[in-house]
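K.L.:
Here is my input, please return the structure:
(2 chains)
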There are 2 protein chains.
Amino acid sequence: MSPKKPKWREVADHFANEIAEGKYRPGDQLPMIRELVAQGHGSKTTVMAAYSALEAEGLVTTTRGHGTTVRRRPPQQIRRHQDRYNWEKQLAKRGDGERRNNGVVEKDTGLDHDEVECHAAFNAVPADQEVAARFGVEPGTLMLHRHYWHSTPGSPIALSLINSYLVHAVAARNPDLLDSSREPWPGGTHHQLSTIGIEIAEIEDGIRTRLAAPDEARHLGIPAGSPVLLLDKTSRSTAGEVVEYSHVVLPGDRTEFRYTVPLDRWED
Amino acid sequence: MSPKKPKWREVADHFANEIAEGKYRPGDQLPMIRELVAQGHGSKTTVMAAYSALEAEGLVTTTRGHGTTVRRRPPQQIRRHQDRYNWEKQLAKRGDGERRNNGVVEKDTGLDHDEVECHAAFNAVPADQEVAARFGVEPGTLMLHRHYWHSTPGSPIALSLINSYLVHAVAARNPDLLDSSREPWPGGTHHQLSTIGIEIAEIEDGIRTRLAAPDEARHLGIPAGSPVLLLDKTSRSTAGEVVEYSHVVLPGDRTEFRYTVPLDRWED
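P.N.:
Model (predicted):
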């Protein structure tokens, strides 16, 4: 689209488009580098740079003997948090059956309830500087740290890596909230907090990026050296206090955030 | 924060915190790798992995002879689009002087008006598949493509790389809108569109990440092989039509998006 697009990017975009349009499907092999060079698509350096870019973007994998093949990608997540957060909050007030069979993970990915496996590990930790600042408590305050990840059944690939924090003394008002074996909790955090008289009024999202750490890349099933999206999610109660903070690491190759911003009309 | 943090990440986070707290300032040198090993911070491999991570995250640079030094970073951008877009829209209705001395770039970065330089290049291009789909027009429709980048005066480092599109026949209703020498246009796109009777009612943001292309990394002043944030911004008029689409590439090491999501109250 830009007039200054380099040649290797043009070649990469050509194949990215053909993959998006389904001309090449998961498992299909892209043309050999020497074929593309012979067909006049650019020098060997150009074509190799194009294929490296496609690999870094998670569209293809290159293996000795099999050339460059289109990757089978885990489900794409388009996260519309303005809808999601309100939907999730109202779900907490529905009947137990409805809460049991619905969740935001299913909503994000389009997977059915029985296609999602929830993994949870809880522990009590002192707040570090960052977590303390989020809650406005003293560093060292005891927090309930909850690590979650979701996958399709039996898969080692996580949809995201979630680290959620609650003030331990607050969560402990309902001892069930300290028990990871009760996860996945029907109705999620909104319902959990409702059992101790807390209603979330507002959530602030912060979105950043960085390269995946090697263990994150492995767990999310993304190429080493590729980026993740970071979501810092701060939930404020109707009393104006921060009651939950989550730090979420999402695979950069298959996550998009969408927000709609309505604008005030001009007065004529 | 996670109980499973690997040793190299602990070492990297230790120095990231000390840099954030100003204990190490831009230009300062971090301890030599062999010093840290001697002090028991981990093996040579661990410390090297920690320093590589800090470099990939844009916090430090490593040069032969100077060791690992803290980077001087261009201004951090926290983009609160819900405020920004409304502010920008209302600015378009203010007097000429106020429009001339204010802009969203200044608002995002905290820079003064005379600390920001605007670079603009326009051309007429046929819509490719993606741009056509955004506007709901036929591929090949003539578009006005506007490439913008902003910097501090004389600096080659761009704050972001902006590719903005308007339907050419629509923009041409005011020939001044086709003239890049009129940039920076006081009051920006909202004011430009107001001259042809268009008011933007709603903007949709899409946020993704990928690795920077080599030329993007150079222009944004970020390390090669580090990530960018991608913003796809679609503006819809009061008549419900897409009237502008921008694809913005932002440096991953110094950009954060923030959105606030108010939640509907529970009915008791």
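
K.L.:
Please name the bridge partners of the residue lying closest to A:R80 once chain neighbours are set aside.
P.N.:
What sits nearest to A:R80 in space, not counting adjacent residues and going by Cβ to Cβ, 6 or more residues apart in numbering or on different chains, is A:R258, at 4.8 Å. C-beta coordinates here come from the backbone N, C-alpha and C atoms, glycine included. Using DSSP bridges, the beta-bridge partners of A:R258 come out as B:G206.

K.L.:
Would you pull up the residue in the stretch 151-268 of chain A closest to chain B?
P.N.:
A:P227 (3.4 Å; Cβ to the nearest Cβ).

K.L.:
So for that residue, what pLDDT did the model give?
P.N.:
On pLDDT, A:P227 comes in at 94.

K.L.:
what does A:P214 give?
P.N.:
A:P214 is assigned a predicted lDDT (pLDDT) of 83.

K.L.:
count of neighbours near it?
P.N.:
Counted by other Cβ atoms under 10 Å in any protein chain shown, the residues lying close to A:P214 total 15.

K.L.:
what do you get for A:G95?
P.N.:
Applying other Cβ under 10 Å, we find 9 other residues in the vicinity of A:G95.

K.L.:
likewise A:G197?
P.N.:
As a burial measure, A:G197 scores 10 neighbours (other Cβ under 10 Å).

K.L.:
Please identify the helix or strand for it.
P.N.:
In this assignment (DSSP states H and E), A:G197 forms part of neither any helix nor any strand.

K.L.:
In chain A, what residue spans correspond to helices?
P.N.:
Per DSSP state H, chain A has helices spanning A:7-20, A:33-38, A:44-56, A:81-91, A:96-100, A:104-109, A:129-135, A:168-171, A:188-194, A:214-220. These are given in chain order.

K.L.:
right, and the residue of the stretch 151-268 of chain A closest to chain B touches B:P227 too?
P.N.:
Yes. In this structure, A:P227 sits in contact with B:P227. The criterion is Cβ atoms under 8 Å, and the distance is 3.4 Å.

K.L.:
For the residue lying closest to A:R173 once chain neighbours are set aside, which residues are in contact?
P.N.:
Nearest residue to A:R173, sequence neighbours excluded (Cβ to Cβ, 6+ apart): A:I196, at 4.4 Å. For A:I196, the contacting residues are A:170-171, A:173-174, A:177, by Cβ atoms under 8 Å, 6 or more residues apart in numbering or on different chains.

K.L.:
nearest to A:I200, of those residues?
P.N.:
Using Cβ to Cβ, A:V170 is the member of the contacts of A:I196 that lies nearest A:I200, at 13.1 Å.

K.L.:
so what sits against both of A:P227 and B:P227?
P.N.:
Between them, A:P227 and B:P227 share the contacting residues A:209-211, A:252, B:209-211, B:252, judged by Cβ under 8 Å, 6+ apart.

K.L.:
Can you tell me which of these end up in strands?
P.N.:
Among the shared contacts of A:P227 and B:P227, the subset assigned to strands under DSSP state E consists of A:209-211, B:209-211.

K.L.:
isn't A:G58 right next to A:D253, touching?
P.N.:
Yes. With contacts defined as Cβ under 8 Å, A:G58 counts as touching A:D253 at a distance of 3.2 Å.

K.L.:
So for these two, which sits in the more crowded spot?
P.N.:
When A:G58 is set against A:D253 and neighbours are counted by other Cβ under 10 Å, the residue ahead is A:D253, at 24 against 20.

K.L.:
how close does that one sit to B:A53?
P.N.:
20 Å (Cβ to Cβ, to the nearest Å).

K.L.:
Return the per-residue confidence for the residue nearest to A:A16 when sequence neighbours are not counted.
P.N.:
In space, not counting the residues next to it along the chain, A:A16 is nearest to A:L59; the distance is 6.1 Å by Cβ to Cβ, 6+ apart. The predicted local confidence for A:L59 comes out at a pLDDT of 82.

K.L.:
ditto for A:V70
P.N.:
Here the pLDDT value assigned to A:V70 is 91.

K.L.:
partners of A:G67 in the sheet?
P.N.:
Per DSSP bridges, residues listed as beta-bridge partners of A:G67: A:T63.

K.L.:
That one against A:D28, yeah?
P.N.:
No. No contact is recorded between A:G67 and A:D28 when judged using Cβ under 8 Å, the distance being 10.5 Å.

K.L.:
List the buried residues for stretch A:20-34?
P.N.:
By neighbour count, and taking 16 or more other Cβ atoms under 10 Å in any protein chain shown as the criterion, the buried residues in stretch A:20-34 are A:24, A:30-31, A:33.

K.L.:
No further queries at this time; thank you.
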